[in-house]
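Participant: give the three-dimensional model of this entry:
(3 chains, ligands or ions: 2)
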Amino acid sequence: MHAETTATDRKAAALAAFKDLDRDPGVAKPDPILVVDGVVRRFGGLTAVDVDHVEVQRGSITALIGPNGAGKTTFFNQLTGFDTADAGQWTFNGRNMHGVPPHKVARAGMVRTFQLTKALSKLTVIENMRLGAQAQKGESFWRALVPGFWRDQEAEITERAEELLVRFKLDKKRDDFAGSLSGGQRKLLEMARALMVQPELVMLDEPMAGVNPALTQSLLGHVKDLREQGMTVLFVEHDMDMVRDISDWVIVMAQGAVISEGPPDTIMSDPRVIDAYLGAHHDAPLSESELEKQLHEAEAALEEEIVEETQK
Amino acid sequence: MNGVKIVVTTESGQPVAEVTSNAQGTWQVPVEKPGKYKVTLDANTLPQNVAVRGGNNVRTPTVYDGNMSTVLFALQAKGAPGQPAEEEAGQSSFWTQAAQLAFEGLNLGLIIALAALGLSLIYGTTGLTNFAHGELVTLGAILAYAFNAGVGLHLIPAAVIAVILAGGFGYAQDRFFWGQLRKRGTGIIAMMIVSIGVALFLRYLFLIIFGGQTEVYTQYTGQAGIQVGPITAAPKNFVAMAIELLVLVVVSLALLRTRTGKAARAVADNPALAASSGINVDRVIRIIWTMGGAIAALAGIMLGLSQSLKFNMGQDILLLIFAGVTLGGLGTAWGALVGSLIVGLFIQLSTLWVPPELKSVGALAVLIIVLLFRPQGILGRRERIG
Amino acid sequence: MDWNTIISTTVKAAIGVETVLYALAAIGLNVHFGYTGLLNFGQAAFMAVAGYGLAVTVTVLGLPFWAGIVVGLLAAALLALLLGIPTLRLRADYLAIVTIAAAEIIRLIFRSVAFKDVFGGSDGRRGFSDGFYALNPFPAGEYGFGWFTFNHRLLWVLLVGWVLVGLSCLLVYMLMKSPWGRVLKAIREDEDAVRSLGKNVFSYKMQSLVLGGVIGSLGGFVYGLAFASVQPDIFGTETTFFAYTILILGGAARVFGPVVGSMIFWVLLVLVYGVLSGAVEAGYITFMTSTQVGQFRFLLVGLGLILLVVFRPQGIFGDKREIAIDAR
Ligand SMILES: Nc1ncnc2c1ncn2[C@@H]1O[C@H](COP(=O)(O)OP(=O)(O)O)[C@@H](O)[C@H]1O
Ligand SMILES: [Mg+2]
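Facilitator: Residues are numbered from 1 along each chain as shown, chains lettered A, B, ... in the order given. Ligands and ions are numbered 1, 2, ... in the order given. Prediction:
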């Protein structure tokens, strides 16, 4: 009973924090864990990310949505140090994170998953999990040679990993190679592995993509669970039903910029958001004529390149 | 240094051979047995204004079984050091030398570019880093030699036949080998290692059939140099460069203008997108392999023409091809051209300061340094994450 | 045909000097490629700097044998650092090209006339192994039984060589079942995933490069001591490629893979040579000379490498699910 009370408390607290907020992009939150300012990333002529200001509320589940190519993954890459931003500052727990390499970002408590799952196929499920634990004595070269140094810690880590596997219903797969899991199970494993890091902020890039519907409910449950355990979640998702179901707050990106923020039940009625989604036909499957058009565009781009090259 | 007399004797002084150096200043003496030999450079046959550095014109190399032993004579301008009065003359000779080396570097760069273009396009379209590309170069040179010295054809028709056959070999390699591996879904690293196997296989096949010796074509070998501005070179070199340039321009235009060429670049750019937009990716790859084999063979023939032929000549130039391709950025056709020219020029010009035997060292070192600052190569693009 | 000689040389090849030195080179490569996924195509350079480090220290500087070994090991570790800094952030294929280029640079410098006073040009260096043979506990004579008879010098080299192989295998075994080895294997699978879990991937790759390079460098020592000389062209790219063939033959990412691979490789090579050249001498084969038979073996190596990677990438004894090589 007690657990349930805290659960509702957490959700209520998160919702309360967002209650009187504006819908403007970059609106200030009462207790932000992540504060981003002026992050820009360009690829050649294309500005993939240009976020003026955005904050993520501690202890909440925040969804980051936007049409395909809006720059969500690229934005994640900047924040977690996997790619270097052309400009901008961001702080995590008040600590400046620009230029911090990815492994230090993770150690600081900000852990991400990937849109294309990165299960380590030729390691077993349990080894995948153990890898996530931090400050392992046996991961230093010299101490690795003396099992006595790390055996106890390894046992503790294994215990924690097994608990998580049970929670994620992967305990039966404990000793299977991760490569033999289904797509959905890999997503679960990747999320469980990220939790082994014991992060404060979990950043999930499309955690539900390609997961079969039977598993999505359990995945959703796990995401909600993260908040109940005191973590902050920032996740990218396309499916609005899911976003409505689990998120406390929604940030909308389009063409690299944050165009709107708001609570999940009303965000889709924001005209800016409707424009962004209707304006972007990328999401819909391509029709015959659109394919035709893309081909022409590609040809034109090639021609342009040629002109450039001959001028050189 | 052309026309310098070299006398080779055994250690005990038995005469073995007497040769004269060719336009590149190189010479070769086949010897019967392994052992120590004495090599003497006849200082009287050197041009008026040069001398052997240190005055030592005798070398005693040891020749091992089946190996080649290199004997080098470092030459220097006579009386240059320590004579301020001759400063002016030294300056102008530096620039003549630089011009001469730039010319030779361009020649080498064009040859590298021919081979690099195919390697780069194959990489771009299939992801294969082909360590057996050097053997395509050797194949061209050896096939041309077979029709030239073996069958007795003039070098020009022999070269044409060789290029056509090598193109056919490129086609067959893709049709019956690499294409099949792709269909099986072989990973790119596995394919890279397979290409090493192919390289070893072909190299030793050439060694068994062709032998370990060095050969030259029956035409155009002992050409006297002609003087054009500050540059002295055999006429064949001018013609070779013209042909190389012509082929490169034609291939480039084909890539730019023809349907297949555009398709090839589209496939190199993004195979999945190209396939979904109706391009027959397999056909394009096969054409690239055919063309890549043909122009690599041409590179081999030109290399054999300006230097000499050996079963492992392709292996020796492979790293320079890689250097050119990597400098430009793997997978980009223009990068390969630019990178190769830079490598060729750099190699030859660096001999102004470093001993010629170490000239490749400079080029390879530059390759490493460039990658340090621009991991994607000069014209390449970065990969995506996530 | 002299079957007795053919069989005895073949049997001896199973534990011979080449087997030992290629096993060491391949164990090093196993750490690089098999476990970490680093495509090091310059393993020959690690052997070269060790062999030359020993040779130059003893012959040119006149220092004792042990100092030469220390210099050789330091040279290998230093080479790993120098190679690693620019290359470990690169894609796998660039890494391959850069390491092969670096190995060529080193070989060209060792064989150059400009540095002949130090490295001895294309003839290399000799006369540095006395300190090693002075430590030989076996008095002069022949040892062994049946086909396995060796003189005291060879016996000493082989003993030390196999002890080194054994210790290297033990080291690899201990490391690869530790959390440290787990990080390496994870890097082989996907280094971005490992980064996202808070591991300093660059540092681990560097440690792997140094470890594998140092183990490979032991092969360079064994060569130099067994043949009492080093020549630059011994350490060409083909040496590295043979080591790869051996690694894949025995099974990458398996502790004993390189050792088993090296034994099979050299036994086959010696056997094929013995049988074919015997057949040539006896007049059974007329279309090849005995020199060509020697070359034909290496053609078979190429063919073998192709067939292995295509049909049995996990090696002769490997488990298909664990193959390291299929990883992209
Ligand atoms: N490495 C890259 N090089 C060039 N363009 C890129 C790269 N990564 C992403 N982009 C471009 O940046 C834009 C944003 O991409 P992405 O962040 O993946 O979008 P999302 O995750 O929102 O679907 C797209 O137009 C994409 O093509
Ligand atoms: Mg995305």
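Participant: around chain C, which positions in the stretch 201-350 of chain B sit nearby?
Facilitator: Applying Cβ under 8 Å from any Cβ of the partner chain, we find that the stretch 201-350 of chain B lies next to chain C at B:201-205, B:207-208, B:315, B:319, B:322-323, B:326, B:330. (Each C-beta comes from the backbone N, C-alpha and C, glycine too.)
Participant: reformat these as TSV; add secondary structure, neighbour count and pLDDT.
Facilitator: Shown next, in TSV, are these (DSSP: H, G, I helix; E, B strand; the rest coil; neighbours: other Cβ atoms under 10 Å in any protein chain shown; pLDDT from 0 to 100):
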residue	secondary structure	neighbour count	pLDDT
B:Phe201	helix	21	95
B:Leu202	helix	22	95
B:Arg203	helix	23	94
B:Tyr204	helix	24	93
B:Leu205	helix	19	94
B:Leu207	helix	21	93
B:Ile208	helix	20	92
B:Gln315	helix	23	90
B:Leu319	helix	22	89
B:Phe322	helix	31	88
B:Ala323	helix	30	87
B:Thr326	helix	31	82
B:Leu330	coil	24	61
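Participant: farthest-separated two in those residues?
Facilitator: B:Ile208 and B:Leu330 (32.8 Å; Cβ to Cβ).
Participant: so A:Tyr277 touches A:Pro67, yeah?
Facilitator: Yes. Using Cβ atoms under 8 Å, A:Tyr277 is in contact with A:Pro67, at 5.8 Å.
Participant: what helix or strand is C:Thr149 on?
Facilitator: strand C:148-151 (DSSP states H and E).
Participant: just checking: what are the partner strands of that strand?
Facilitator: Partners of strand C:148-151 in the sheet, by DSSP bridges, are strand C:142-145 (antiparallel).
Participant: show residues contacting the strand it pairs with.
Facilitator: Defining contact as Cβ atoms under 8 Å, 6 or more residues apart in numbering or on different chains, one finds that strand C:142-145 is touched by C:Thr149, C:Phe150, C:Asn151, C:His152, C:Leu155.
Participant: and ligand 2, which of these contact it?
Facilitator: With Cβ under 5 Å from the ion as the criterion, the contacts of strand C:142-145 include none near ligand 2.
Participant: which among those count as buried?
Facilitator: Neighbour counting with 16 or more other Cβ atoms under 10 Å in any protein chain shown marks C:Phe150, C:His152, C:Leu155 as buried within the contacts of strand C:142-145.
Participant: mind giving me TSV with those residues and columns for pLDDT?
Facilitator: Converted to TSV, these look like this (pLDDT from 0 to 100):
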residue	pLDDT
C:Phe150	84
C:His152	87
C:Leu155	89
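Participant: before we move on, back to that, name the surrounding residues that touch the strand holding C:Thr149.
Facilitator: The contact list for strand C:148-151 (Cβ under 8 Å, 6+ apart) reads C:Val11, C:Lys12, C:Ile15, C:Ala140, C:Gly141, C:Glu142, C:Tyr143, C:Gly144, C:Leu158.
Participant: any idea which element the residue nearest to C:Asp190 when sequence neighbours are not counted lies in?
Facilitator: Leaving aside its chain neighbours, C:Asp190 sits nearest to A:Lys118 (4.7 Å; criterion: Cβ to Cβ, 6 or more residues apart in numbering or on different chains). Under DSSP H and E, no helix or strand contains A:Lys118.
Participant: so who does A:Lys118 touch?
Facilitator: A:Glu190, C:Asp190, C:Asp192, C:Ala193, C:Ser196.
Participant: care to break the chain down by domain?
Facilitator: Since you didn't name a chain, this refers to chain A. A:2-119+A:190-278, A:122-180, A:288-312 (automatic domain parsing).
Participant: the intended chain is chain B.
Facilitator: Taken from automatic domain parsing, chain B resolves into B:5-91, B:96-373.
Participant: what's the most buried one of the ones you listed?
Facilitator: domain B:96-373 (a mean of 21; mean count of other Cβ atoms under 10 Å in any protein chain shown).
Participant: close to chain A, is it?
Facilitator: Yes. Using Cβ under 8 Å from any Cβ, domain B:96-373 comes into contact with chain A via B:Leu256, B:Lys262, B:Arg265, B:Ala266, B:Leu273, B:Ser276, B:Ser277, B:Gly278, B:Trp334.
Participant: in helices, which of those residues fall?
Facilitator: Secondary structure defined by DSSP state H assigns B:Leu256, B:Lys262, B:Arg265, B:Ala266, B:Leu273, B:Ser276, B:Trp334 of the residues of domain B:96-373 next to chain A to helices.
Participant: could I get those residues as TSV with distance to B:Pro355?
Facilitator: Output for those, formatted as TSV (distance: Cβ to Cβ, whole Å):
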residue	distance to B:Pro355
B:Leu256	41
B:Lys262	46
B:Arg265	41
B:Ala266	46
B:Leu273	49
B:Ser276	54
B:Trp334	33
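Participant: of all these, which two lie farthest apart?
Facilitator: The widest separation within these (Cβ to Cβ) is 25.1 Å, between B:Ser276 and B:Trp334.
Participant: show me the contacts for C:Phe110.
Facilitator: By Cβ under 8 Å, 6+ apart, the contact set of C:Phe110 is C:Ala48, C:Tyr52, C:Phe119, C:Gly124, C:Pro232, C:Phe235.
Participant: out of those, which touch ligand 2?
Facilitator: Residues of the contacts of C:Phe110 in contact with ligand 2 (Cβ under 5 Å from the ion): none.
Participant: pull the contacting residues for residue 85.
Facilitator: Picked chain A for this. By Cβ under 8 Å, 6+ apart, the contact list for A:Ala85 reads A:Val39, A:Val40, A:Arg41, A:Val49, A:Gln78, A:His98.
Participant: right idea, wrong chain: chain C
Facilitator: Residues near C:Ile85 by Cβ under 8 Å, 6+ apart: B:Leu372.
Participant: what values do phi and psi take at it?
Facilitator: phi -60, psi -50 (degrees, to the nearest 10).
Participant: show me where the stretch 151-300 of chain C has its strands.
Facilitator: Here the stretch 151-300 of chain C has its strands, by DSSP state E, counting those that start in this stretch, at C:229-230.
Participant: just chain A next, same as before
Facilitator: A:32-43, A:46-57, A:61-65, A:87-92, A:95-96, A:110-112, A:201-205, A:232-236, A:249-254, A:257-262 (DSSP state E).
Participant: close to ligand 2: what parts of chain A are there?
Facilitator: So chain A meets ligand 2 at A:Thr73, A:Gln115 (Cβ under 5 Å from the ion).
Participant: pick out the residue nearest the middle of chain A.
Facilitator: When Cα atoms, centre = their mean is applied to chain A, the residue found nearest the centroid is A:Leu204 (2.4 Å).
Participant: next, count neighbours for the nearest residue to it once chain neighbours are set aside.
Facilitator: Spatial nearest neighbour of A:Leu204, excluding adjacent residues (Cβ to Cβ, 6+ apart): A:Phe235 at 4.0 Å. When neighbours are counted by other Cβ atoms under 10 Å in any protein chain shown, A:Phe235 registers 25.
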